[in-house]
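Novice: sharing a model that was predicted from the sequence below.
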Amino acid sequence: GDSVTQMEGPVTLSEEAFLTINCTYTATGYPSLFWYVQYPGEGLQLLLKATKADDKGSNKGFEATYRKETTSFHLEKGSVQVSDSAVYFCALSGAGGFKTIFGAGTRLFVKA
Amino acid sequence: DVKVTQSSRYLVKRTGEKVFLECVQDMDHENMFWYRQDPGLGLRLIYFSYDVKMKEKGDIPEGYSVSREKKERFSLILESASTNQTSMYLCASTDPGDYGYTFGSGTRLTVV
């Protein structure tokens, strides 16, 4: 079945460092891909998305490119801030938006 | 601002009690979902609904039921709460083809 694998955390970075969180997927067909962010004590928020191969999703300085050839959707940010400390989830969804599959989540700590 | 509202942030119930978790969305979305989130297990789908009075089992429906009498409201019911149902419960909604969920803030349920 469909699945999402993302790098284990926690990831600890200093402020202004470059961030990469790896995500790979297994799916039949052509899924849509997402990154969600969860701040402490909150629900998940959609951070960015890409609906077809080679699409780049971007939001708040974060970017991810839908790479069909490597089945990957890695999250990047050029300069992280303390306020980016959160748990990041990679996810995929098939047609109709039913049954989104979530990765296990990667916790990010950013130190001042 | 569009919203998914979960009625309680924190809830403590006794073993054997019948528990209702309420979720309301103001976006006129057709699809609604209930997930539970546990450390090390990520998000697991309990039930979802794609229309009023329609429901489908997710990956872990045992011990739960749902009700969707109105489009905006999706209720999760624990028929007889048990300690292994202590968890964070997340409600989400989306429209078909919308690609991307809107989540509520979550209900942290403790069963004692």
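Specialist: Alright, I've got the coordinates.
Novice: for residue 50, give me its contacts.
Specialist: No chain was given, so I picked chain A. Neighbour list for residue A:50: A:32, A:33, A:34, A:56, A:57, A:64, A:65, A:66, A:73 [criterion: C-beta atoms under 8 Å, 6 or more residues apart in numbering or on different chains]. The C-beta positions use only the backbone N, C-alpha and C, and glycine is treated the same way.
Novice: that's the other chain; I wanted chain B
Specialist: A:98, B:30, B:31, B:56, B:96.
Novice: sorry, back to before: for chain B, tell me which of the contacts of residue A:50 show up nearby.
Specialist: The subset of these within reach of chain B, by C-beta under 8 Å from any C-beta of the partner chain, is A:32, A:34.
Novice: which of the contacts of residue A:50 fall in strands?
Specialist: A:32, A:33, A:34, A:56, A:57, A:64, A:65 (DSSP state E).
Novice: the second one is in contact with residue A:90, isn't it?
Specialist: Same thing as residue A:33. Yes - between residue A:33 and residue A:90 there is a contact under C-beta atoms under 8 Å: 7.4 Å.
Novice: common neighbours of those two, please.
Specialist: A:23, A:25, A:73.
Novice: got a pLDDT number for the last one?
Specialist: This means residue A:73. Reading off the confidence values, residue A:73 has pLDDT 97.
Novice: list the contacts of residue 52.
Specialist: Chain wasn't specified; assuming chain A. Residue A:52 sits next to A:30, A:66 when contact means C-beta under 8 Å, 6+ apart.
Novice: chain B, not that one
Specialist: B:68, B:69, B:70, B:71.
Novice: return the member of the residues you listed nearest to chain A.
Specialist: residue B:68 (15.1 Å; C-beta to the nearest C-beta).
Novice: is that closest one located within a strand, as I assumed?
Specialist: Yes - the assignment for residue B:68 (DSSP: H, G, I helix; E, B strand; the rest coil) places it in a strand.
Novice: quick one: the strands in the chain?
Specialist: All of this is about chain A. So, for chain A - with DSSP E - the strands run A:3-6, A:11-14, A:19-21, A:23-26, A:32-38, A:44-50, A:56-59, A:62-65, A:75-77, A:86-93, A:101-102, A:106-111.
Novice: you answered for a different chain; I wanted chain B.
Specialist: B:4-6, B:10-13, B:19-21, B:23-25, B:31-38, B:42-49, B:56-57, B:64-70, B:73-78, B:87-94, B:102-103, B:107-111.
Novice: let me see the mean pLDDT of the first one.
Specialist: What strand B:4-6 shows for mean pLDDT is 95.
Novice: check the third one too.
Specialist: Averaging pLDDT along strand B:19-21 gives 97.
Novice: can you list the strands that it pairs with?
Specialist: strand B:73-78 (antiparallel) (DSSP bridges).
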